[in-house]
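Q: sequence and predicted structure, then a few things I'm wondering about:
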Amino acid sequence: MTSPLATPPSSTLEGLDGLVREPFSRRSFVMTSLITGFTLATTTVLAQAIKTDATGLVAGDVQIPTSDGNMPGYRAMPEGNGPFPLVIVIEEIFGVHEYIKDTCRRLAKLGYCAVAPELYARQGDLTKMTDVQQIVSQVISKKPDAELVSDLDASVAWAVKDSKADGNRLAVTGFCRGGRATWLYAAHNPKIKAAVAWYGPLGGNRSDIQPKTAADVAGALQAPVLGLYGAADTGIPVADVEKQRDTARAAGKTVEIVIYPDTPHAFHADYRPSYRKEAAEDGWKRMLAWFKQYGV
């Protein structure tokens with residue numbers, strides 16, 4: 001079994017100049033451990049939140065080596081020898097809290113090694129933040145995209161080396177901001193076999209450290225992408241979602257988009273009022289089928 005490339009050859013980055021740019025500034029890790037329970041940034045945690053036990057699993061917090069220190073994360077995988085197909089799970093803006101951990105356990109119950117890195121551990125301590133605008137302005141907007149994809153590369157490399165994961169059966173999925181990261185990572189890492197973006201923002205502001213939107217990389221995808229979106233998502237217009245699909249397909253890329261009628265943003269987040277059971281369950285089935293279709 002060969003390990004995924006830590007840094008794809010330059011030829012794979014065609015059309016992505018500005019997204020992967022070295023060197024980026026190194027910082028110490030502010031967060032050294034994950035959130036316990038659910039994020040403090042939501043005032044209501046609903047009883048409908050799904051709870052998946054760890055029976056038959058190896059599951060818990062981990063430390064993922066990066067070029068400038070250890071990044072906290074969460075891993076869940078079946079007991080046994082493996083190797084297991086690998087799914088990188090990319091968090092919402094709220095950190096790797098119980099919802100993201102449970103998502104990893106759900107995947108592990110199905111035979112996957114699921115790893116969720118805390119990508120914002122350098123930018124701020126999400127274990128203490130309660131204000132969404134503070135999280136966006138002080139943490140999310142401060143994360144360089146070059147650092148983000150480097151951290152995802154490190155997570156893949158660690159999982160292959162230390163977690164019985166098969167780097168040749170690699171998928172990525174992400175929620176909200178993690179959906180945006182899913183699009184970017186699918187344009188970065190040629191080892192990805194399948195990607196699923198749950199309501200990931202496609203547009204937004206560009207900056208020196210975040211120079212590309214998800215829409216900007218639609219024609220540079222290196223993996224088949226399934227996008228799951230809500231028609232009632234006030235922050236992501238349906239027209240933008242359809243344009244993303246059309247742009248990718250015009251460039252010869254494999255993209256499928258599902259738009260759920262009368263469905264808001266964050267419809268998979270079962271701990272929040274935005275949860276829509278039917279759409280969430282349908283999206284989950286489609287995600288698993290997408291993984292299987294493309295060899296993960």
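A: That came through, no problem.
Q: rest of the way, CA atoms for contacts and neighbours
A: Noted.
Q: ok, now which ones touch residue 32?
A: 70, 71, 72, 121 (Cα atoms under 8 Å, 6 or more residues apart in numbering).
Q: could you redo the last one with a cut-off of 6 Å?
A: residue 72 (Cα atoms under 6 Å, 6 or more residues apart in numbering).
Q: my guess is it is in a strand, correct?
A: No - using DSSP: H, G, I helix; E, B strand; the rest coil, the assignment for residue 32 is coil, not a strand.
Q: in this structure, which spans are strands?
A: Assigned by DSSP state E, the chain shows strands spanning 57-66, 69-78, 84-90, 113-117, 165-175, 192-198, 225-230, 255-260.
Q: so for residue 48, which of the ones you listed sits nearest?
A: Closest to residue 48 of the strands of the chain, according to Cα to Cα: strand 165-175, at 18.5 Å.
Q: tell me which strands that closest one pairs with, and in which orientation.
A: Its sheet considered, strand 165-175 pairs with strand 84-90 (parallel), strand 192-198 (parallel) by DSSP bridges.
Q: and the ones you listed: which comes nearest residue 234?
A: strand 192-198 (14.8 Å).
Q: can you check what angle separates the closest one from strand 255-260?
A: 20 degrees (axes from the mean of the first three to the mean of the last three Cα atoms, to 10 degrees).
Q: starting at the chain centroid, how far to strand 192-198?
A: Distance of strand 192-198 from its chain centroid, counting by Cα atoms, centre = their mean, to the nearest Å, is 9 Å.
Q: what is the mean pLDDT for that strand?
A: Taken as a whole, strand 192-198 has a mean pLDDT of 98.
Q: hmm, back to that, winner for burial among the strands of the chain?
A: strand 113-117 (a mean of 30; mean count of other Cα atoms under 10 Å).
Q: before we move on, the earlier item: right, and the strands of the chain - which one's nearest residue 131?
A: strand 165-175 (19.1 Å).
Q: and the angle from the closest one to strand 69-78?
A: 100 degrees.
Q: as PDB, could you dump the C-alpha coordinates of strand 165-175?
A: Output in PDB follows, covering the C-alpha atoms of strand 165-175 (Å, rounded to 0.1, in the frame of the first residue of the first chain):
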ATOM      1  CA  ALA A 165      -6.000   3.400   6.900                       C
ATOM      2  CA  ASP A 166      -5.800   2.600   3.200                       C
ATOM      3  CA  GLY A 167      -4.600   5.700   1.500                       C
ATOM      4  CA  ASN A 168      -5.600   4.300  -1.900                       C
ATOM      5  CA  ARG A 169      -9.200   4.300  -0.800                       C
ATOM      6  CA  LEU A 170      -9.500   7.900   0.300                       C
ATOM      7  CA  ALA A 171     -12.600  10.100   0.600                       C
ATOM      8  CA  VAL A 172     -13.300  13.500   2.100                       C
ATOM      9  CA  THR A 173     -16.600  15.000   3.400                       C
ATOM     10  CA  GLY A 174     -17.300  18.300   5.100                       C
ATOM     11  CA  PHE A 175     -20.100  20.400   6.500                       C
END
